[in-house]
Structures are given as C-alpha cells and as structure tokens.
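> following is a predicted model, sequence given first.
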Amino acid sequence: MPFGRGRSLFSGIGPKMDMVVGGWEFRGTARLQSGNLLDFKNRVLVGMTDQELRDSVGVWFDNATKIAYYIPKDIVDESYKAYQYDASGFTSGAPAGRYAAPAGSVGGGNCVQRCRRLCTAAPLFPRADVHEIRPEPGEADPVQRAEEL
C-alpha cells in the first residue's frame, strides 16, 4: 500500500505514525470453485420431486458430529435407512418423509418405470487468502499476518 514516508499517500507523516501505517504490503489470491457433481443414478426419490432435491442442495452442518453435508441431514438419514434392509425388511427402521431409495427396493418401486439419472452440482466454493506484510528496516523477517477467508 502506498502509505508512509517516501510513498504517494501520507508521505509527510511523522516517524511514529510512519511506524504504524507505513511500509505495509497486501498480497492475496482468490479462487471460486464450482461444486462437485452430485450424481443420483439408479435411485427412486420418495417424498420429493427431482426439482425439490436440486433445491435442497446446499451446505448443511451437523454441529454435534462436526460433519458438513451437501444434502439436508433428514434426507441423508432416511436414505441410509432405505438402504439398510434384508429379506425380512428394514434393519435400521423404515424410512419416512423424503429420501432416495435403491432401485427395486421396498417402497422404491420398479426402476424400469420410475428411475432416472439425476445430476446436480454442489454449491459454489469461494476462497480467499490475504497476507499483510510489513518489512522492518534492517530485519530479515518481516512482520506478517495471514487471513484465510
């Protein structure tokens, strides 16, 4: 930044003020990353439409387990139940509400008639790294502060 003695802004400030604001440099990078492709193939959506599933995609946090999800936890949990079954029925309890069921499963229906390939993108992932650096006269290592946003 052009602040302080010998710079274009505030070049006439005193030495004490120059120690505070003079000589700082800012460096940074920014990145926007598109979301991962979420591919729901050979699944039957129960309790929601294709568009409702697409609209539900976001970043969801479970603070208790410190896990982030792209799909709301209720859909994840109920879909898990839909995949836990054997010849006698569901082994983790019957799913309810909205979930994705495996093709040809109980409640999933006939995949030939009802399954579609559904692709959508996960949310955009922005990231920025900013570094503030102030070289001290006569010192080998400048004062640095980094922020990751």
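Cool, the structure landed.

> shaky segments in the protein?
1-10, 23-24, 26, 104-117, 134-149 (pLDDT under 70).

> residue ranges of the helices in it, please?
For the chain, helices defined by DSSP state H occupy the ranges 15-21, 50-56, 73-83, 111-114.

> quick one: buried residues of the first one?
Buried residues in helix 15-21, counted by 16 or more other Cβ atoms under 10 Å: residue 18. For glycine as for every other residue, the C-beta is placed from the backbone atoms N, C-alpha and C.

> can you list the domains in this structure?
As given by automatic domain parsing, the domain ranges for the chain are 1-34+127-149, 38-123.

> first to last residue in the longest one, what's the distance?
Taking Cα to Cα, to the nearest Å, the span from the opening residue of domain 38-123 to its closing residue is 10 Å.

> return the distance of that domain from the chain's centre.
Offset of domain 38-123 from its chain centre (Cα atoms, centre = their mean, to the nearest Å): 20 Å.

> strands along the protein, start to end?
25-33, 37-46, 60-62, 67-69, 85-86, 89-90, 99-102, 116-121, 125-134, 143-148 (DSSP state E).

> would you turn these into JSON lines with mean neighbour count and distance to residue 52?
Converted to JSON lines, the strands of the chain look like this (neighbours: other Cβ atoms under 10 Å; distance: least, Cβ to Cβ, whole Å):
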{"stretch": "strand 25-33", "mean neighbour count": "10", "distance to residue 52": "26"}
{"stretch": "strand 37-46", "mean neighbour count": "16", "distance to residue 52": "8"}
{"stretch": "strand 60-62", "mean neighbour count": "13", "distance to residue 52": "15"}
{"stretch": "strand 67-69", "mean neighbour count": "12", "distance to residue 52": "16"}
{"stretch": "strand 85-86", "mean neighbour count": "13", "distance to residue 52": "24"}
{"stretch": "strand 89-90", "mean neighbour count": "13", "distance to residue 52": "23"}
{"stretch": "strand 99-102", "mean neighbour count": "22", "distance to residue 52": "12"}
{"stretch": "strand 116-121", "mean neighbour count": "13", "distance to residue 52": "11"}
{"stretch": "strand 125-134", "mean neighbour count": "13", "distance to residue 52": "23"}
{"stretch": "strand 143-148", "mean neighbour count": "10", "distance to residue 52": "34"}
